[in-house]
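Undergrad: Next comes the sequence, and after it the predicted model I'd like to discuss.
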Amino acid sequence: MAVHTARENIKERVPQRWGIESARVVLIPPDEYQDAAMARLLSDLETMKYLRFMTKPNGYTVEDAAERRKYRDDCQINSKDMVNFIIALKKSQIPDSVIDKFQQNEYFAPRKILIDGGLIDLDEPFVIVGCCGLSGIDGSNHSCEAGIILDARLWRSGASTASLYLTLEYGFDILHLHRIVLLTIGANLAMRGWMENVVGVDVESVRKDVIYMGDGAYIDSWDYAVFDHEWNDHSKQSILERMKYTK
């Protein structure tokens, strides 16, 4: 468990541009060339099945995605209350069971991605399949929220587990956060099961009718908190064990 001084502010560690390479996914910083791919994902009703409160009636335009990116960049660079990642998969990282679902025009050419103090070399064609990261970073109390949006074509492929593992690892092991909260809804049984059976934490609270869906409808938020001691004691190893059994 990280020990913090009374005056220490986690926000001092928040990077301007960051990325993380792994054998399963690559997390890269948001950039303009990704806007069209993100607009498509944010407009896909299956991908957004459990995030309908974030959707737009006519879907996201590229301009909408750009505005979203710029706002989140500002929150990371200036306010330092976010760490934003785009989820990329190299062609060799896409599971064989779903690779045929990706069209040739979805692939980006290999490129080097600049990050603070270095670069990430995407040395083969790759696709943009979602976003993840940390938000609402409370520097004084060492807490935040974590979240993910993943292309529905990759659900149950292990990509979500790998992306959330890297996000939580960054939050706990690099930023030295004490508490990270993940929010979902009651209908998202897969996410709830992952939190309870893999991460090994129970729901901390169910906040009634806090998400407005439009047309007078509200739904509950299921809130799961992971603490640094839980991460070190069992959650980190449990997620690593889970990744052994998925490509």
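TA: Received, thanks. Numbers count the residues shown, from 1 in each chain.
Undergrad: Look through this protein and tell me its longest helix.
TA: Longest helix of the chain, by residue count under DSSP state H: helix 62-74.
Undergrad: Determine the set of other helices and strands touching that helix.
TA: Using 3 or more Cβ pairs under 8 Å, 6 or more residues apart in numbering; DSSP states H and E, the elements in contact with helix 62-74 are helix 35-43, strand 82-90. For every residue, glycine as well, the C-beta is placed using N, CA and C.
Undergrad: relative to helix 35-43, how tilted is it?
TA: Angle of helix 62-74 versus helix 35-43, following axes from the mean of the first three to the mean of the last three Cα atoms, to 10 degrees, is 100 degrees.
Undergrad: any weak-confidence spans in this protein?
TA: Residues of the chain that meet the criterion pLDDT under 70 lie in 1-7, 245-247.
Undergrad: Spell out for me which residue occupies the centre of it.
TA: Residue closest to the mean C-alpha point of the chain, counted by Cα atoms, centre = their mean, is C132 at 1.7 Å.
Undergrad: need the strands for this structure, in chain order.
TA: Along the chain, the stretches classed as strands by DSSP state E are 20-21, 26-28, 82-90, 111-115, 118-122, 126-138, 143-150, 179-184, 205-214, 217-227.
Undergrad: S205 against D223, yeah?
TA: Yes - using Cβ atoms under 8 Å, S205 is in contact with D223, at 4.9 Å.
Undergrad: Between those two, point out the one with more neighbours.
TA: D223 (17 against 12; other Cβ atoms under 10 Å).
Undergrad: Tell me the bridge partners for that one.
TA: D223 has the following beta-bridge partners by DSSP bridges: L183, S205.
Undergrad: Measure how buried K91 is and give me the count.
TA: By other Cβ under 10 Å, neighbour count at K91 equals 13.
Undergrad: how close does it sit to D123?
TA: 11 Å (Cβ to Cβ, to the nearest Å).
Undergrad: and if you look at S143?
TA: S143 is 37 Å from D123, by Cβ to Cβ.
Undergrad: Determine which member of the two has the greater number of neighbouring residues.
TA: More neighbours surround S143 than the other of S143 and D123, with 18 against 11 (other Cβ under 10 Å).
Undergrad: Which residues are in contact with the closest residue to that one other than its chain neighbours?
TA: Residue nearest to S143 in three dimensions, not counting chain neighbours: R179, with 4.1 Å by Cβ to Cβ, 6 or more residues apart in numbering. R179 is in contact with N141, H142, S143, C144, A225, V226, F227, D228, counting by Cβ atoms under 8 Å, 6 or more residues apart in numbering.
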